[in-house]
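Undergrad: Build me a model from this:
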Amino acid sequence: MKIVDRGTVFRGQPGGERQSATFSGLAVLPTGRWLCAFRVAPIKGASGGSACVCWSDDEGKTWSQPTEPFESVTVDGAPGVFRGCQLTPLHGHNVLAVVSWVDQADPDLPLFNPKTEGILDMKIFLARSQNQGATWSKPTLVDTSPFNQPTPMTGPILKLANGELALQFELNKRFYETHTWRHSSVLMFSQDGGVTWPEHVVVTSDPQNRYFWWDQRPGVLPDGRVLDLFWTYDNKKAAYLNIHARESRDHGRTWSDLWDVGVQDQPAAPVALPDGRIVMVYVDRVGVPAVKLRTSSDGARTFAADTELVLYEAQTPSQTENKGAMQDAWAEMRKFSVGLPATVQTDNGDVVVVYYAGPKTDETSIEWVRITV
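TA: Coordinates of the predicted model:
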């Protein structure tokens with residue numbers, strides 16, 4: 001595979017409210033438009049921020065000015081903001097956005113409480129566009145019962161091979177709660193185009209609470225399988241392990257055993273090439289932060305080192321530190337200036353990757369790179 005093009009979606013604006021640009025996602029619409037969503041904030045560590053959307057009609061060469069289409073709303077008496085969103089193309093000009101809301105009753109509070117390991121309340125909303133992302137409906141709150149707790153989204157709505165939609169998120173606990181945080185990855189399913197979500201499956205959860213399979217990144221493969229990749233954390237050792245994976249052959253209802261793919265750090269959702277190989281893009285944080293790509297010819301069981309392609313390498317030292325507890329892991333995450341790649345495929349099978357990167361933690365832009373076989 002080789003890089004054939006690259007560019008910038010949005011350049012962070014030093015000293016302003018859009019200095020930090022992070023948490024990007026990309027959708028290629030049936031019309032050919034590239035639609036990108038990302039979060040902007042004055043600093044990365046701010047608990048709030050704003051969800052932005054912009055588009056390109058010339059395959060990334062130029063981009064519209066970003067809009068902030070989702071107005072702040074109050075939930076159960078608490079004011080909050082939409083801090084990010086992810087996009088799913090439907091048919092024609094129609095797009096479905098999953099939007100992340102965060103409680104801002106006290107905007108000076110951090111997202112993560114280091115004393116309790118709780119987070120500010122987070123909820124999931126949906127919005128729709130009928131004109132390729134130019135305008136959006138008012139976001140509507142998703143009922144995530146029985147999970148009545150902070151539910152950070154982990155990626156876009158999935159279009160499953162059986163015609164259903166799947167909503168993805170993970171479970172945290174409330175900011176001041178003192179009980180033990182038990183992390184889980186969850187999918188909820190809709191058979192009516194996202195109007196209702198009556199069914200759910202817990203994809204990962206460790207009864208011993210040792211392993212946290214963070215940031216699930218599921219992808220739907222051409223044969224209908226759902227392959228889910230996880231940024232894996234050992235809560236006992238306070239250390240990251242290799243990326244783990246599991247797959248479902250019945251549209252997310254049941255799952256295989258987890259396996260170690262042999263590569264460390266934080267993955268994007270997998271995509272399948274026309275020849276059957278599976279592409280995994282990930283952030284390598286062992287040394288100098290870098291965004292890399294590897295391919296697998298054995299169903300994502302292994303990703304050989306000789307398939308590696310470096311998509312981006314930072315000009316900064318390693319941002320990984322020795323950790324003694326969960327609080328150190330969250331403090332480390334707040335300092336990252338490279339991360340969270342997202343993958344999408346074009347009609348001809350090329351892979352486009354978006355990610356955030358910049359010279360400093362709070363000065364980052366949204367970049368993209370295109371790779372062909």
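Undergrad: Output stretch 161-172 in PDB with nothing but the alpha carbons.
TA: Only the C-alpha atoms of stretch 161-172 are listed here, as PDB (Å, rounded to 0.1, in the frame of the first residue of the first chain):
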ATOM      1  CA  ALA A 161     -25.500  -6.300   6.900                       C
ATOM      2  CA  ASN A 162     -29.000  -7.300   7.900                       C
ATOM      3  CA  GLY A 163     -30.300  -3.700   7.500                       C
ATOM      4  CA  GLU A 164     -30.200  -2.800  11.100                       C
ATOM      5  CA  LEU A 165     -28.300   0.100  12.700                       C
ATOM      6  CA  ALA A 166     -26.000  -0.300  15.700                       C
ATOM      7  CA  LEU A 167     -25.200   2.500  18.200                       C
ATOM      8  CA  GLN A 168     -21.900   2.200  20.000                       C
ATOM      9  CA  PHE A 169     -20.800   3.600  23.400                       C
ATOM     10  CA  GLU A 170     -19.000   2.700  26.600                       C
ATOM     11  CA  LEU A 171     -20.000   2.900  30.200                       C
ATOM     12  CA  ASN A 172     -18.500   5.200  32.900                       C
END
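Undergrad: Mean confidence (pLDDT) on it, please.
TA: Here stretch 161-172 scores 97 as its mean pLDDT.
Undergrad: next one: stretch 280-299
TA: Mean pLDDT, computed over stretch 280-299, is 92.
Undergrad: Span of it from start to end?
TA: Using Cα to Cα, to the nearest Å, one end of stretch 280-299 lies 11 Å from the other.
Undergrad: what do you get for stretch 254-263?
TA: Between the start and the finish of stretch 254-263 there is a gap of 25 Å, counting by Cα to Cα.
Undergrad: now swap in stretch 301-313 and tell me
TA: 26 Å.
Undergrad: Would you indicate which residues of that stretch are buried?
TA: Neighbour-count burial for stretch 301-313, counted by 16 or more other Cβ atoms under 10 Å, picks out 302-303, 307, 309, 311-312. No exception for glycine: its C-beta is placed from N, CA and C like everyone else's.
Undergrad: all strands of the stretch 1-150 of the chain, in order?
TA: Per DSSP state E, counting those that start in this stretch, the stretch 1-150 of the chain has strands spanning 2-10, 20-28, 34-41, 50-56, 73-75, 78-89, 95-103, 122-129, 140-141. These are given in chain order.
Undergrad: Any chance of TSV for those, columns mean neighbour count and mean pLDDT?
TA: Shown next, in TSV, are the strands of the stretch 1-150 of the chain (neighbours: other Cβ atoms under 10 Å; pLDDT from 0 to 100):
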stretch	mean neighbour count	mean pLDDT
strand 2-10	15	97
strand 20-28	25	96
strand 34-41	26	97
strand 50-56	22	97
strand 73-75	14	94
strand 78-89	22	96
strand 95-103	25	97
strand 122-129	21	97
strand 140-141	14	97
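Undergrad: As JSON lines, the ones you listed with distance to residue 147 would be great.
TA: Shown next, in JSON lines, are those (distance: least, Cβ to Cβ, whole Å):
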{"stretch": "strand 2-10", "distance to residue 147": "32"}
{"stretch": "strand 20-28", "distance to residue 147": "21"}
{"stretch": "strand 34-41", "distance to residue 147": "23"}
{"stretch": "strand 50-56", "distance to residue 147": "22"}
{"stretch": "strand 73-75", "distance to residue 147": "15"}
{"stretch": "strand 78-89", "distance to residue 147": "18"}
{"stretch": "strand 95-103", "distance to residue 147": "15"}
{"stretch": "strand 122-129", "distance to residue 147": "10"}
{"stretch": "strand 140-141", "distance to residue 147": "13"}
